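[1] The sequence and its predicted three-dimensional model are supplied below.
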Amino acid sequence: MTAARIILWRHGRTEWNVVDRFQGQADVPLDAVGHAQAGRAAEVLAAYRPDRLYSSDLSRSYQTAEVLAERIGLEIVTDKRLREIHVGSWEGLLGEEIRAIDPELTRRLLAGEDVRRSSTGESPSEVAERMAEADIATFRYNFPYMEYGKGRDSQNVCTATVRAAIAAAHKSAPDLPLLAGGHSFGGRMTSTAASESPLAGVRGLVFFSFPLHLPGKPDTKRAEHLSAVTVPMLFLSGTRDALATFDLLQSVCKKLGKKAMLHPLDTADHGFRILKRTRKSEEDVFVEMARITREWASGLK
């Protein structure tokens, strides 16, 4: 059986994206930049010669898909189950307003917990269930301490969790190439596990904001184990990341040689918040990370 290739494509920019206004399932159309982004992406995606094209029924998603549909002559199949996560009462509010209204829930959200976006919104697990209804599989896992709301687990427990998750992912889709990694602590535990012994079936590691050191305490001790990792590594790191001074991370990657690739995310911090006025690229930072990861992964053997 030949494995199918599924490409996930985020919609282009909207006016709400520019001002950090939460969209959720509000039907906000693309702005001029968003239309341009969709056009550039369509040029690249057309080369993959897709034979199916799916979109949610929200205009920003449909308008994005429409550019590719016109280029390759495909009809768009719309499905409302593919809509973005529902943010409930947060819809239409600015990020700073939400942080002021609900600081504790915002803190848990940024920490990666499986919590609802507002008391009337959805959680990531609920979105996964919605995706499953549309025959789209997702694989998610938590460390035990995050699942049960207790103090952080020991390193042995965390690395064992990483290995168990990778084994489960490989069992679920044995024909697909497998990458491992994560954001911040999750990425560091993945690299720690890989440094102890190879992760079965994993072709490369991807780090979203590798936590090189504590805030305000530049150091490279947390990177010492990386020399024992045997697979290629991709570092996606913000130039304003307080947990990874960029010049230090550059020196770490330089020592790792051809095994490591470092991609700077202009003006992004540890949580990928950007400075809109000074950021040089108009590309959405999450679209940028997806694009770089795809390009990097396509060169792996």
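    Yep, it's here.

[2] contacts for stretch 167-181?
    The contact list for stretch 167-181 (CB atoms under 8 Å, 6 or more residues apart in numbering) reads 1-3, 137, 139, 141, 162, 166, 187, 190-191, 194, 199-208, 234, 293, 297, 300. All C-beta atoms are positioned from the backbone trio N, CA, C, and that covers glycine.

[3] Can you check the distance spanned by that stretch, start to finish?
    Its start and end residues considered, stretch 167-181 measures 14 Å (CA to CA, to the nearest Å).

[4] about what we covered before: please indicate which of the contacts of stretch 167-181 are buried?
    The neighbour-count criterion (16 or more other CB atoms under 10 Å) marks 162, 166, 187, 190-191, 194, 199, 202, 204-208, 234, 293 among the contacts of stretch 167-181 as buried.

[5] which residues in the stretch 1-150 of the chain form helices?
    In the stretch 1-150 of the chain, the helices defined using DSSP state H, counting those that start in this stretch lie at 15-18, 32-46, 59-72, 95-101, 103-110, 124-133, 144-148.

[6] so where's the longest helix in the protein?
    In the chain, taking DSSP state H as the definition, the longest helix is helix 155-172.

[7] If you compare the directions of the helix or strand just after it and helix 155-172, what angle comes out?
    Following the chain from helix 155-172 toward its C-terminal end, the next helix or strand by DSSP states H and E is strand 178-183. Angle, strand 178-183 to helix 155-172, by axes from the mean of the first three to the mean of the last three CA atoms, to 10 degrees: 140 degrees.

[8] for this protein, which spans come out with low pLDDT?
    1-4, 111-112, 130-138, 147-149 (pLDDT under 70).

[9] Ramachandran angles for the nearest residue to residue 265 once chain neighbours are set aside?
    In this structure, residue 265 finds its nearest non-sequential neighbour in residue 238, 4.5 Å apart by CB to CB, 6 or more residues apart in numbering. The phi/psi pair for residue 238 (degrees, to the nearest 10) reads phi -70, psi 150.

[10] got it, and residue 208?
    Here residue 208 shows phi and psi, under degrees, to the nearest 10, equal to phi -100, psi 100.

[11] tell me the contacts of it?
    Residues in contact with residue 208, defined by CB under 8 Å, 6+ apart, are 181, 182, 183, 184, 187, 236, 272, 289.

[12] Can you say which two of these are spatially most distant?
    The span of those, defined through CB to CB, is set by 181 and 272 at 14.8 Å.

[13] More neighbours: these two, which one.
    residue 181 (24 against 18; other CB atoms under 10 Å).

[14] All the strands of the stretch 201-301 of the chain, residue numbers only.
    Secondary structure of the stretch 201-301 of the chain (DSSP state E, counting those that start in this stretch): strands at 202-208, 233-238, 260-265.

[15] ok, the last one: who's next to it in the sheet?
    Right, strand 260-265. strand 233-238 (parallel) (DSSP bridges).

[16] just the angle between the partner strand and strand 202-208, please?
    10 degrees.

[17] quick one on the thing from earlier: go through the helices of the stretch 1-150 of the chain and pick out the most buried.
    Comparing the helices of the stretch 1-150 of the chain by mean neighbour count (mean count of other CB atoms under 10 Å), helix 59-72 ranks first with a mean of 19.

[18] Give me the residues contacting that one.
    Contacts of helix 59-72 (CB under 8 Å, 6+ apart): 9-12, 14, 23, 27-30, 34-35, 37-39, 41-43, 45-46, 49-50, 53-56, 74-76, 78, 82.

[19] go on, stretch 107-127?
    Taking CB under 8 Å, 6+ apart as the rule, stretch 107-127 contacts 22, 24, 85-90, 98, 102, 105, 130, 140, 142, 146, 183, 186, 271.

[20] switch to 10 Å and redo it
    22, 24-25, 81, 83-91, 93, 98-99, 101-102, 104-106, 128-130, 138, 140, 142-143, 146-147, 149, 182-186, 270-271, 273 (CB atoms under 10 Å, 6 or more residues apart in numbering).

[21] Just the CA trace of that stretch, in CSV.
    C-alpha atoms of stretch 107-127 as CSV (Å, rounded to 0.1, in the frame of the first residue of the first chain):
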residue,chain,number,x,y,z
ARG,A,107,-1.2,31.0,31.3
ARG,A,108,-2.4,27.4,31.0
LEU,A,109,-3.0,27.8,27.3
LEU,A,110,0.5,29.1,26.7
ALA,A,111,1.9,26.3,28.8
GLY,A,112,0.4,23.9,26.3
GLU,A,113,-2.3,22.4,28.5
ASP,A,114,-5.4,20.9,26.9
VAL,A,115,-7.8,23.7,28.0
ARG,A,116,-10.7,25.4,26.3
ARG,A,117,-10.3,28.8,24.6
SER,A,118,-12.6,30.6,27.0
SER,A,119,-15.3,28.9,29.1
THR,A,120,-17.5,28.6,26.0
GLY,A,121,-14.8,27.6,23.5
GLU,A,122,-13.1,24.4,22.4
SER,A,123,-10.1,22.6,23.7
PRO,A,124,-7.5,21.0,21.4
SER,A,125,-8.8,17.5,22.2
GLU,A,126,-12.3,18.5,21.2
VAL,A,127,-10.9,19.8,17.9
